[in-house]
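A.B. asks: can't give you the sequence, but here's the structure:
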Ligand code: NAP
């Protein structure tokens with residue numbers, strides 16, 4: 001970790017594992033802030049990385065030997081455990097801080113605490129925004145985090161500063177509380193967006209503002225991978241209940257409507 005003379009930001013060496021759309025989106029800001037970023041991924045992102053000023057290392061061992069301060073884990077939820085298994089921990093700096101950005105939180109916390117040697121600190125985060133909602137700036141957008149196992153407070157604070165300095169709303173909460181709330185807000189939003197897409201709703205020349213909002217929900221949801229949606233369901237234990245609630249609510253509304261029409 002080094003500090004820059006021109007900026008108050010501590011400069012971090014950040015290694016990104018899984019360089020899909022969300023990782024690329026985060027990396028853009030990290031590079032802008034002056035951090036040194038290295039990436040690895042299942043697919044070859046060497047061209048994208050060279051354009052962004054990022055070193056791409058396909059070989060996991062070589063990537064780990066760079067000596068990153070922070071390992072930022074950005075694979076899909078479904079591949080998280082498998083990706084973590086592919087990391088040779090003994091090739092890393094012993095004080096590396098592990099940070100995940102998965103959209104579910106109890107699952108990566110449990111996997112990390114189970115798989116990681118004791119010496120590594122663990123910070124679980126969920127930036128509650130993405131390439132669409134955060135394309136202009138990150139001002140006021142929530143960064144949820146849980147300091148799961150932190151001994152190096154300075155390093156943890158310096159990492160969180162990346163989001164703070166962009167104006168994010170910093171929300172500290174337990175992984176469990178996150179999943180409980182996100183099961184309702186996030187999983188429900190994705191589910192309704194996907195239902196609207198199945199219905200093939202399209203714009204007309206007489207759209208109302210509310211219909212425009214619905215179209216916007218469909219479009220932004222469908223920009224996320226189906227893997228992400230499956231992960232939200234599979235690894236958030238509160239999601240199944242929300243799906244059942246949605247089904248029940250649909251049938252209740254339909255029943256009330258038909259009862260009124262039929263004069264019951
Ligand atoms: P995603 O489809 O959830 O994940 C794509 C990433 O997963 C890519 O890096 C991909 O690697 C990797 N991956 C998928 N299957 C793999 C496998 N079998 N083995 C190894 N790697 C595999 O798309 P995303 O939107 O970029 O999301 C990444 C993470 O960020 C997810 O955990 C998601 O929950 C979280 N997140 C996303 C958003 C968002 O707005 N998109 C917001 C907050 C948090 P390759 O590309 O190399 O194949």
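C.D. replies: Received it, and whenever you're ready, just let me know what you need. Values in this document were obtained by computation on a predicted structure and should not be read as measured data.

A.B. asks: Are we agreed that residue 146 is in a strand?
C.D. replies: Yes. Residue 146 forms part of a strand when assessed by DSSP: H, G, I helix; E, B strand; the rest coil.

A.B. asks: Contact partners for it?
C.D. replies: Neighbour list for residue 146: 105, 109, 123, 124, 125, 172, 173, 174, 175, 178 [criterion: Cβ atoms under 8 Å, 6 or more residues apart in numbering]. (C-beta placed from N, C-alpha, C; glycine too.)

A.B. asks: again, only this time at 6 Å
C.D. replies: Contacts for residue 146 (Cβ atoms under 6 Å, 6 or more residues apart in numbering) come out as 124, 174, 175.

A.B. asks: Tell me how far the first one lies from the ligand.
C.D. replies: In other words, residue 124. Note on residue 124: its distance to the ligand, by Cβ to the nearest ligand atom, to the nearest Å, is 12 Å.

A.B. asks: Also the last one?
C.D. replies: Relative to the ligand, residue 175 is positioned 14 Å away (criterion: Cβ to the nearest ligand atom).

A.B. asks: I'd like to know how many residues surround that residue.
C.D. replies: By other Cβ atoms under 10 Å, 20 other residues sit near residue 175.

A.B. asks: Just give the nearest non-adjacent residue to the closest residue to the ligand within the chain, would you?
C.D. replies: Distance from the ligand to each residue of the chain (Cβ to the nearest ligand atom) is smallest for residue 130, at 2.1 Å. Leaving aside its chain neighbours, residue 130 sits nearest to residue 22 (6.2 Å; criterion: Cβ to Cβ, 6 or more residues apart in numbering).

A.B. asks: Could you pull up phi and psi at the one you found?
C.D. replies: Phi and psi for residue 22, reported as degrees, to the nearest 10, are phi -70, psi -40.

A.B. asks: May I see the buried residues of whatever helix or strand residue 190 lives in?
C.D. replies: Using DSSP states H and E, the element containing residue 190 is helix 175-198. With burial defined by 16 or more other Cβ atoms under 10 Å, the residues of helix 175-198 counted as buried are 175, 178-180, 182-183, 186-188, 190-191, 193-194, 196.

A.B. asks: Make TSV out of the residues you listed and add pLDDT.
C.D. replies: Formatted as TSV, these follow (pLDDT from 0 to 100):
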residue	pLDDT
175	98
178	98
179	98
180	97
182	97
183	94
186	96
187	97
188	96
190	97
191	98
193	98
194	98
196	98
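
A.B. asks: did I read that right, residue 240 in a strand?
C.D. replies: No. Under three-state DSSP, residue 240 sits outside any strand and is assigned helix.

A.B. asks: Just give me the neighbour total for it.
C.D. replies: Residues near residue 240, counting by other Cβ under 10 Å, number 13.

A.B. asks: Give me the spatial nearest neighbour of it, chain neighbours excluded.
C.D. replies: Using Cβ to Cβ, 6+ apart, the closest residue to residue 240 is residue 233 (7.3 Å).

A.B. asks: can you list the weak-confidence ranges in the stretch 101-250 of the chain?
C.D. replies: For the stretch 101-250 of the chain, no stretch has pLDDT under 70.
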